[in-house]
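Participant: fold the following.
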Amino acid sequence: MSTTKDRARPFGRALTAMVTPMTPDGGIDVDGVQRLATYLVDEGGNDGLIVNGTTGEYPTLSDPEKETVLRAAVEAVGDRATIVAGAGNNDTRHTLEVIATAQKAGAHGLLLVSPYYNKPPQEGLYRHFTAAANSSDLPVMLYDIPGRTGVAIETDTLVRLAEHPRILAVKDAKGDLAGASWVMARSGVAWYSGEDMLNLPLYSIGAVGHVSVVGHVVGVRLRDMLDAYERGDVRRAAELHQSLLPVYTGIFRTQGLILTKAALRLLGLPAGPVRLPLVDATDQQVETLIADLTAGGVEIPA
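Facilitator: A predicted model of the protein is given here:
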(Lines give C-alpha, C1' and ligand atoms only; values in the text may rest on other atoms or scores of the structure.)
Protein backbone atom coordinates (compact mmCIF):
# COMPACT_ATOMS: atom_id res chain seq x y z
CA MET A 1 0.00 0.00 0.00
CA SER A 2 1.52 3.29 -1.08
CA THR A 3 1.86 6.10 1.43
CA THR A 4 1.47 8.71 -1.29
CA LYS A 5 -1.97 10.17 -1.81
CA ASP A 6 -4.16 8.05 -4.04
CA ARG A 7 -7.21 10.26 -4.19
CA ALA A 8 -9.29 7.68 -6.01
CA ARG A 9 -9.77 4.75 -3.62
CA PRO A 10 -6.87 4.30 -1.25
CA PHE A 11 -8.62 1.52 0.70
CA GLY A 12 -10.79 -0.03 -2.00
CA ARG A 13 -14.45 0.52 -2.83
CA ALA A 14 -16.61 -1.80 -0.76
CA LEU A 15 -15.51 -2.55 2.79
CA THR A 16 -17.25 -4.23 5.70
CA ALA A 17 -16.47 -3.44 9.33
CA MET A 18 -16.13 -7.07 10.38
CA VAL A 19 -17.44 -8.53 13.62
CA THR A 20 -15.06 -10.61 15.70
CA PRO A 21 -16.35 -14.19 15.90
CA MET A 22 -16.26 -15.53 19.45
CA THR A 23 -16.30 -18.99 20.97
CA PRO A 24 -19.24 -19.89 23.25
CA ASP A 25 -17.18 -18.93 26.30
CA GLY A 26 -16.34 -15.51 24.85
CA GLY A 27 -12.85 -16.23 23.55
CA ILE A 28 -11.57 -15.39 20.07
CA ASP A 29 -12.69 -17.88 17.44
CA VAL A 30 -9.61 -17.73 15.23
CA ASP A 31 -10.97 -20.23 12.72
CA GLY A 32 -14.22 -18.28 12.66
CA VAL A 33 -12.35 -15.04 11.99
CA GLN A 34 -10.69 -16.61 8.98
CA ARG A 35 -13.86 -18.24 7.66
CA LEU A 36 -15.88 -15.06 8.00
CA ALA A 37 -13.16 -12.93 6.39
CA THR A 38 -12.96 -15.39 3.51
CA TYR A 39 -16.72 -15.35 3.04
CA LEU A 40 -16.93 -11.56 3.08
CA VAL A 41 -14.20 -11.19 0.46
CA ASP A 42 -14.77 -14.19 -1.78
CA GLU A 43 -18.57 -14.30 -1.69
CA GLY A 44 -19.72 -11.10 0.00
CA GLY A 45 -18.69 -8.48 -2.53
CA ASN A 46 -16.03 -6.79 -0.38
CA ASP A 47 -12.57 -5.73 -1.49
CA GLY A 48 -11.60 -4.56 1.99
CA LEU A 49 -12.26 -5.29 5.65
CA ILE A 50 -12.04 -3.21 8.80
CA VAL A 51 -10.69 -5.50 11.50
CA ASN A 52 -10.84 -4.59 15.19
CA GLY A 53 -13.22 -1.70 14.65
CA THR A 54 -16.14 -0.87 16.91
CA THR A 55 -18.21 -3.55 15.16
CA GLY A 56 -15.34 -5.91 15.93
CA GLU A 57 -15.78 -5.18 19.65
CA TYR A 58 -12.47 -3.33 19.78
CA PRO A 59 -13.18 -1.71 23.18
CA THR A 60 -13.46 -5.13 24.86
CA LEU A 61 -10.51 -6.83 23.15
CA SER A 62 -7.12 -6.99 24.85
CA ASP A 63 -4.12 -5.86 22.81
CA PRO A 64 -2.94 -9.47 22.32
CA GLU A 65 -6.44 -10.42 21.13
CA LYS A 66 -6.44 -7.56 18.63
CA GLU A 67 -3.15 -8.81 17.25
CA THR A 68 -4.48 -12.37 17.02
CA VAL A 69 -7.59 -11.28 15.12
CA LEU A 70 -5.61 -9.06 12.77
CA ARG A 71 -3.01 -11.71 11.96
CA ALA A 72 -5.77 -14.24 11.30
CA ALA A 73 -7.55 -11.91 8.86
CA VAL A 74 -4.33 -10.98 7.05
CA GLU A 75 -3.41 -14.63 6.69
CA ALA A 76 -6.87 -15.50 5.34
CA VAL A 77 -7.48 -12.73 2.81
CA GLY A 78 -4.62 -10.24 2.94
CA ASP A 79 -3.44 -11.29 -0.50
CA ARG A 80 -6.70 -10.18 -2.14
CA ALA A 81 -8.30 -7.56 0.09
CA THR A 82 -7.26 -4.42 1.93
CA ILE A 83 -7.06 -5.11 5.66
CA VAL A 84 -7.53 -1.95 7.70
CA ALA A 85 -6.83 -2.25 11.42
CA GLY A 86 -8.80 -0.32 13.98
CA ALA A 87 -6.18 1.30 16.17
CA GLY A 88 -7.67 4.41 17.74
CA ASN A 89 -8.70 5.05 21.32
CA ASN A 90 -8.75 7.95 23.75
CA ASP A 91 -5.12 7.65 24.85
CA THR A 92 -2.60 8.83 22.28
CA ARG A 93 0.29 6.85 23.76
CA HIS A 94 -1.76 3.65 23.74
CA THR A 95 -2.86 4.38 20.17
CA LEU A 96 0.77 4.52 19.06
CA GLU A 97 1.43 1.15 20.71
CA VAL A 98 -1.53 -0.45 18.93
CA ILE A 99 -0.39 1.05 15.61
CA ALA A 100 3.09 -0.41 16.00
CA THR A 101 1.63 -3.86 16.62
CA ALA A 102 -0.80 -3.53 13.69
CA GLN A 103 2.03 -2.69 11.32
CA LYS A 104 4.07 -5.69 12.48
CA ALA A 105 0.99 -7.91 12.09
CA GLY A 106 0.67 -7.00 8.42
CA ALA A 107 -2.14 -4.44 8.33
CA HIS A 108 -2.44 -2.52 5.06
CA GLY A 109 -3.90 0.57 6.69
CA LEU A 110 -5.26 2.10 9.88
CA LEU A 111 -8.69 3.26 11.00
CA LEU A 112 -8.37 5.93 13.67
CA VAL A 113 -11.49 6.96 15.54
CA SER A 114 -11.71 10.27 17.38
CA PRO A 115 -10.70 9.95 21.03
CA TYR A 116 -13.87 9.19 22.94
CA TYR A 117 -15.21 10.24 26.33
CA ASN A 118 -12.51 12.81 27.11
CA LYS A 119 -13.87 15.16 24.39
CA PRO A 120 -10.64 16.86 23.27
CA PRO A 121 -10.70 20.29 21.61
CA GLN A 122 -10.02 20.51 17.88
CA GLU A 123 -6.32 21.22 18.44
CA GLY A 124 -6.13 18.09 20.56
CA LEU A 125 -7.76 16.07 17.78
CA TYR A 126 -5.30 17.49 15.28
CA ARG A 127 -2.27 16.65 17.41
CA HIS A 128 -3.60 13.18 18.28
CA PHE A 129 -4.21 12.19 14.65
CA THR A 130 -0.96 13.76 13.48
CA ALA A 131 1.05 11.88 16.10
CA ALA A 132 -0.67 8.65 15.06
CA ALA A 133 -0.05 9.22 11.35
CA ASN A 134 3.58 10.11 12.04
CA SER A 135 4.19 6.92 13.99
CA SER A 136 4.11 4.47 11.06
CA ASP A 137 4.22 4.37 7.28
CA LEU A 138 0.68 2.96 7.00
CA PRO A 139 -2.04 5.00 5.29
CA VAL A 140 -4.76 6.32 7.58
CA MET A 141 -8.54 6.54 7.41
CA LEU A 142 -10.00 8.89 10.02
CA TYR A 143 -13.31 7.86 11.60
CA ASP A 144 -15.68 10.71 12.42
CA ILE A 145 -18.60 9.44 14.52
CA PRO A 146 -19.56 12.06 17.11
CA GLY A 147 -22.61 10.11 18.23
CA ARG A 148 -20.24 7.61 19.86
CA THR A 149 -17.19 9.73 20.65
CA GLY A 150 -18.91 12.87 21.91
CA VAL A 151 -16.88 15.17 19.66
CA ALA A 152 -16.98 15.85 15.92
CA ILE A 153 -13.93 16.47 13.76
CA GLU A 154 -14.82 19.91 12.42
CA THR A 155 -14.53 20.81 8.76
CA ASP A 156 -11.44 23.02 9.17
CA THR A 157 -9.72 20.33 11.23
CA LEU A 158 -10.42 17.67 8.62
CA VAL A 159 -9.07 19.90 5.86
CA ARG A 160 -5.97 20.59 7.91
CA LEU A 161 -5.45 16.88 8.67
CA ALA A 162 -5.87 15.97 4.99
CA GLU A 163 -2.63 17.83 4.30
CA HIS A 164 -0.74 14.99 6.02
CA PRO A 165 0.77 12.67 3.39
CA ARG A 166 -0.57 9.53 5.07
CA ILE A 167 -4.06 10.71 6.05
CA LEU A 168 -5.83 9.62 2.90
CA ALA A 169 -9.47 9.10 3.79
CA VAL A 170 -12.39 9.74 6.12
CA LYS A 171 -15.03 7.25 7.25
CA ASP A 172 -18.03 9.51 7.74
CA ALA A 173 -20.72 8.60 10.27
CA LYS A 174 -21.61 12.18 11.15
CA GLY A 175 -24.62 12.57 8.87
CA ASP A 176 -23.61 16.07 7.78
CA LEU A 177 -23.84 16.15 3.99
CA ALA A 178 -23.04 19.85 3.82
CA GLY A 179 -19.92 19.48 5.94
CA ALA A 180 -18.82 16.43 3.96
CA SER A 181 -19.24 18.35 0.72
CA TRP A 182 -17.08 21.19 1.97
CA VAL A 183 -14.28 18.90 3.16
CA MET A 184 -14.18 17.06 -0.16
CA ALA A 185 -14.25 20.31 -2.11
CA ARG A 186 -11.47 21.88 -0.07
CA SER A 187 -9.16 18.89 0.39
CA GLY A 188 -9.82 16.13 -2.13
CA VAL A 189 -9.55 13.55 0.67
CA ALA A 190 -11.17 10.20 -0.17
CA TRP A 191 -14.59 9.93 1.45
CA TYR A 192 -16.20 6.69 2.60
CA SER A 193 -19.75 6.38 3.88
CA GLY A 194 -19.76 4.98 7.38
CA GLU A 195 -23.54 5.02 7.77
CA ASP A 196 -25.36 2.48 5.63
CA MET A 197 -28.57 4.46 5.23
CA LEU A 198 -26.53 7.31 3.72
CA ASN A 199 -24.38 5.28 1.32
CA LEU A 200 -26.19 6.44 -1.81
CA PRO A 201 -26.59 10.10 -0.75
CA LEU A 202 -22.88 10.23 0.03
CA TYR A 203 -21.97 8.74 -3.36
CA SER A 204 -23.96 11.56 -4.94
CA ILE A 205 -21.75 14.22 -3.37
CA GLY A 206 -18.43 12.49 -4.03
CA ALA A 207 -17.89 9.53 -1.70
CA VAL A 208 -15.73 6.84 -3.32
CA GLY A 209 -17.07 3.86 -1.41
CA HIS A 210 -18.50 2.60 1.85
CA VAL A 211 -17.51 0.99 5.12
CA SER A 212 -20.59 -1.03 5.94
CA VAL A 213 -22.11 -3.05 8.74
CA VAL A 214 -24.97 -4.56 6.71
CA GLY A 215 -22.28 -5.66 4.25
CA HIS A 216 -22.09 -8.80 6.37
CA VAL A 217 -25.38 -9.95 4.85
CA VAL A 218 -25.96 -7.86 1.68
CA GLY A 219 -22.44 -6.97 0.57
CA VAL A 220 -22.99 -7.96 -3.06
CA ARG A 221 -26.08 -5.75 -3.34
CA LEU A 222 -24.21 -2.81 -1.81
CA ARG A 223 -21.46 -3.26 -4.37
CA ASP A 224 -24.07 -3.49 -7.13
CA MET A 225 -25.59 -0.22 -5.94
CA LEU A 226 -22.22 1.50 -6.10
CA ASP A 227 -21.57 0.00 -9.54
CA ALA A 228 -24.95 1.20 -10.82
CA TYR A 229 -24.38 4.71 -9.53
CA GLU A 230 -20.90 4.95 -11.03
CA ARG A 231 -22.02 3.81 -14.48
CA GLY A 232 -24.69 6.52 -14.42
CA ASP A 233 -27.71 4.28 -13.75
CA VAL A 234 -28.99 6.39 -10.89
CA ARG A 235 -32.49 4.94 -11.12
CA ARG A 236 -31.16 1.41 -10.59
CA ALA A 237 -28.98 2.59 -7.70
CA ALA A 238 -32.03 4.17 -6.07
CA GLU A 239 -34.03 0.97 -6.56
CA LEU A 240 -31.31 -1.04 -4.83
CA HIS A 241 -31.11 1.51 -2.02
CA GLN A 242 -34.85 1.31 -1.46
CA SER A 243 -34.85 -2.50 -1.55
CA LEU A 244 -32.27 -2.49 1.22
CA LEU A 245 -34.21 -0.21 3.57
CA PRO A 246 -35.70 -3.10 5.60
CA VAL A 247 -32.20 -4.53 6.08
CA TYR A 248 -30.83 -1.19 7.24
CA THR A 249 -33.73 -0.82 9.63
CA GLY A 250 -33.52 -4.39 10.86
CA ILE A 251 -29.81 -4.39 11.68
CA PHE A 252 -29.98 -1.05 13.47
CA ARG A 253 -33.15 -1.49 15.52
CA THR A 254 -30.79 -1.89 18.46
CA GLN A 255 -26.98 -1.78 18.63
CA GLY A 256 -25.88 -2.82 15.16
CA LEU A 257 -23.26 -5.31 16.31
CA ILE A 258 -25.80 -7.25 18.38
CA LEU A 259 -28.16 -7.79 15.47
CA THR A 260 -25.37 -8.34 12.97
CA LYS A 261 -24.11 -11.27 15.00
CA ALA A 262 -27.69 -12.52 15.28
CA ALA A 263 -28.04 -12.26 11.49
CA LEU A 264 -24.81 -14.14 10.91
CA ARG A 265 -25.96 -16.93 13.21
CA LEU A 266 -29.23 -17.13 11.23
CA LEU A 267 -27.21 -17.47 8.03
CA GLY A 268 -24.94 -20.16 9.46
CA LEU A 269 -21.86 -17.93 9.42
CA PRO A 270 -19.28 -17.51 12.21
CA ALA A 271 -20.34 -15.04 14.88
CA GLY A 272 -20.72 -16.38 18.40
CA PRO A 273 -21.84 -14.23 21.32
CA VAL A 274 -21.14 -10.59 22.06
CA ARG A 275 -19.13 -9.53 25.10
CA LEU A 276 -20.44 -7.57 28.04
CA PRO A 277 -21.43 -4.80 28.42
CA LEU A 278 -23.33 -5.76 25.25
CA VAL A 279 -25.85 -8.58 25.40
CA ASP A 280 -27.08 -10.95 22.71
CA ALA A 281 -30.36 -10.38 20.90
CA THR A 282 -33.51 -11.64 22.59
CA ASP A 283 -35.83 -14.16 20.97
CA GLN A 284 -38.26 -11.35 20.15
CA GLN A 285 -35.51 -9.25 18.58
CA VAL A 286 -34.45 -12.22 16.46
CA GLU A 287 -38.02 -12.77 15.29
CA THR A 288 -38.26 -9.12 14.25
CA LEU A 289 -34.87 -9.35 12.57
CA ILE A 290 -35.99 -12.35 10.53
CA ALA A 291 -39.03 -10.40 9.34
CA ASP A 292 -36.87 -7.38 8.46
CA LEU A 293 -34.27 -9.39 6.59
CA THR A 294 -36.91 -11.33 4.71
CA ALA A 295 -38.63 -8.08 3.70
CA GLY A 296 -35.25 -6.90 2.45
CA GLY A 297 -34.76 -9.93 0.24
CA VAL A 298 -32.36 -11.88 2.44
CA GLU A 299 -33.03 -15.61 2.36
CA ILE A 300 -32.88 -17.21 5.80
CA PRO A 301 -32.08 -20.96 5.75
CA ALA A 302 -34.79 -23.14 7.26
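
Participant: now the residue nearest to residue 164 when sequence neighbours are not counted: how far from residue 99?
Facilitator: What sits nearest to residue 164 in space, not counting adjacent residues and going by Cβ to Cβ, 6 or more residues apart in numbering, is residue 133, at 5.1 Å. Where C-beta positions appear, they are placed from N, C-alpha and C, glycine not excepted. For residue 133, the distance to residue 99 equals 9 Å [Cβ to Cβ, to the nearest Å].

Participant: check contacts around the residue nearest to residue 164.
Facilitator: The neighbours of residue 133, taking Cβ atoms under 8 Å, 6 or more residues apart in numbering as the test, are 112, 140, 164, 166-167.

Participant: please apply the same query to residue 154.
Facilitator: Taking Cβ under 8 Å, 6+ apart, one finds residue 122 in contact with residue 154.

Participant: against residue 147, how distant is it?
Facilitator: 15 Å.

Participant: swap in residue 255?
Facilitator: 12 Å.

Participant: equivalent analysis for residue 15, please.
Facilitator: Distance of residue 15 to residue 147, given as Cβ to Cβ: 20 Å.

Participant: which residue of those two possesses the greater neighbour count?
Facilitator: Higher neighbour count among residue 15 and residue 147: residue 15, with 30 against 10, using other Cβ atoms under 10 Å.

Participant: next, the contact list for that one, please.
Facilitator: Neighbouring residues of residue 15 by Cβ under 8 Å, 6+ apart: 46-50, 82, 84, 192, 209-212, 215.

Participant: could you do residue 244 as well?
Facilitator: Residue 244 neighbours (Cβ under 8 Å, 6+ apart): 196, 214, 218, 221-222, 225, 296.

Participant: ditto for residue 77
Facilitator: So residue 77 contacts 37-38, 40-42, 49, 83 (Cβ under 8 Å, 6+ apart).

Participant: surely residue 288 and residue 254 touch.
Facilitator: No: in this structure, residue 288 is not within contact of residue 254 by Cβ atoms under 8 Å, at 9.6 Å.

Participant: quick check: residue 210 is in a strand.
Facilitator: Yes: counting by DSSP: H, G, I helix; E, B strand; the rest coil, residue 210 is found in a strand.

Participant: how far away is it from residue 74?
Facilitator: If you measure residue 210 against residue 74 using Cβ to Cβ, the figure is 22 Å.

Participant: and residue 168, by the same measure?
Facilitator: 20 Å.

Participant: residue 130 too?
Facilitator: Between residue 130 and residue 74 the distance is 26 Å, computed by Cβ to Cβ.

Participant: with neighbour numbers in mind, choose between these two.
Facilitator: It is residue 74, of residue 130 and residue 74, that has more neighbours when counted by other Cβ under 10 Å, with 22 against 17.

Participant: helix, strand or coil for that one?
Facilitator: Put simply, residue 74 is helix when judged by three-state DSSP.

Participant: thought it was touching residue 83?
Facilitator: Yes: at 5.3 Å, residue 74 counts as touching residue 83 under the criterion of Cβ under 8 Å.

Participant: helices and strands of this protein: which one has the lowest mean pLDDT?
Facilitator: For the chain, using mean pLDDT, DSSP states H and E, the weakest element among its helices and strands is helix 146-149, scoring a mean of 93.

Participant: need the pLDDT of the nearest residue to residue 92 once chain neighbours are set aside.
Facilitator: Leaving out its chain neighbours, the residue that sits closest to residue 92 by Cβ to Cβ, 6+ apart is residue 128, at 5.0 Å. At residue 128, the model reports a pLDDT of 98.
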